[in-house]
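K.L.:
the following block contains a protein sequence and its predicted model.
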Amino acid sequence: MVHEMEREHSLSNVVCFAMGLIPWICRTTNYGSRVRNYGGKQINICAVTPSQKFDKLNKILLEDLSWNPMGMGKFVQACSFLSLTLSVDNQIIHPSRCFGLWKKYGGKWVSADQVPYFYREFDDTSTEILTNIDNDYSAVRAAVRKYFPDRPFTYMLSYLDLERLTHESKHPSIKSSFRNSSQLGLVKTPTIEAEDGTRVLDTQCRFFTDDIPYGLLLAKWVAEQLEVNTPHLNEVIMWAQKLRGEHWLNDDYTIDMKFCTKHKHHSGLPPTYGINKVDEILD
């Protein structure tokens, strides 16, 4: 996206960066003035282009986000933005949990107090789905490492590996990492009130509008480019598109490129921004 803007506006001095995970978990106390910080990461990961600008960016901005105010969360540099894209974090966690809640409860509850908390009541159904998605991603990550053997991809990690690195935790399983998190316990499941007064999953929330077309679909595109089969990823995307009336995937589970790239803000797929080959996605 940034490179497209550089070309469009003839920009020549842009430093672009992205973080794999947000440095801390916060919730609003007073809108516009005060938030409650539930804690930060032990390590934060950042990708930067031009890559040699990391040290300067770290000094003038990144250290002030976590390390200076909190005494934790120093930033380390990823070798590529692809490391962040293919690590298992929120864009995988959110849809997997929503699909799990749909499979177990039908995505519908009699009242708000019956809706499970998003993380602290993480169950076996959601754990199995997230594990399967993580396995699909692991296959994609392995193919990427083979295709780009000169890159270390040190921080392109599975869910538990990333969680243990950034939190210095020792959780034995995905489920325990969520259920015992001191930072995520108060996060509620996104629901809306239906006409009959029940609560239903909010399919207009960012877990669907962002995490599918700007998250899962990117991994799916890389998988297609490198001929990697992703059956569990396909299942979640097909489920979500049916709920929302979208058409991200065709019946044969290939990406519907015409639909996904029909305008600039319909998905984050590389072809939307003039990148059509996997060779061009590193920097």
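P.N.:
On my side now, so go ahead.
K.L.:
so which residues of the stretch 1-150 of the chain form helices?
P.N.:
Secondary structure of the stretch 1-150 of the chain (DSSP state H, counting those that start in this stretch): helices at 2-9, 54-57, 63-65, 67-70, 81-85, 90-105, 124-147.
K.L.:
closest one to residue 256 among these?
P.N.:
helix 90-105 (18.0 Å; C-beta to C-beta). C-beta: built from backbone N, CA, C; applies to glycine.
K.L.:
and the angle for that closest one with helix 124-147?
P.N.:
Relative orientation of helix 90-105 versus helix 124-147 (axes from the mean of the first three to the mean of the last three C-alpha atoms, to 10 degrees): 150 degrees.
K.L.:
redo the helices of the stretch 1-150 of the chain as CSV? Include mean neighbour count, distance to residue 191 and mean pLDDT.
P.N.:
Shown next, in CSV, are the helices of the stretch 1-150 of the chain (neighbours: other C-beta atoms under 10 Å; distance: least, C-beta to C-beta, whole Å; pLDDT from 0 to 100):
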stretch, mean neighbour count, distance to residue 191, mean pLDDT
helix 2-9, 12, 35, 87
helix 54-57, 15, 39, 97
helix 63-65, 15, 31, 95
helix 67-70, 14, 32, 91
helix 81-85, 21, 29, 91
helix 90-105, 21, 9, 94
helix 124-147, 19, 16, 96
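K.L.:
let's have these in TSV, adding distance to residue 200.
P.N.:
Putting these into TSV (distance: least, C-beta to C-beta, whole Å) gives the following:
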stretch	distance to residue 200
helix 2-9	37
helix 54-57	43
helix 63-65	36
helix 67-70	38
helix 81-85	31
helix 90-105	10
helix 124-147	17
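K.L.:
out of those, flag the one nearest residue 267.
P.N.:
helix 90-105 (12.5 Å).
K.L.:
and that closest one, what does it pack against?
P.N.:
Using 3 or more C-beta pairs under 8 Å, 6 or more residues apart in numbering; DSSP states H and E, the elements in contact with helix 90-105 are helix 124-147, strand 199-201, helix 206-209, helix 231-244.
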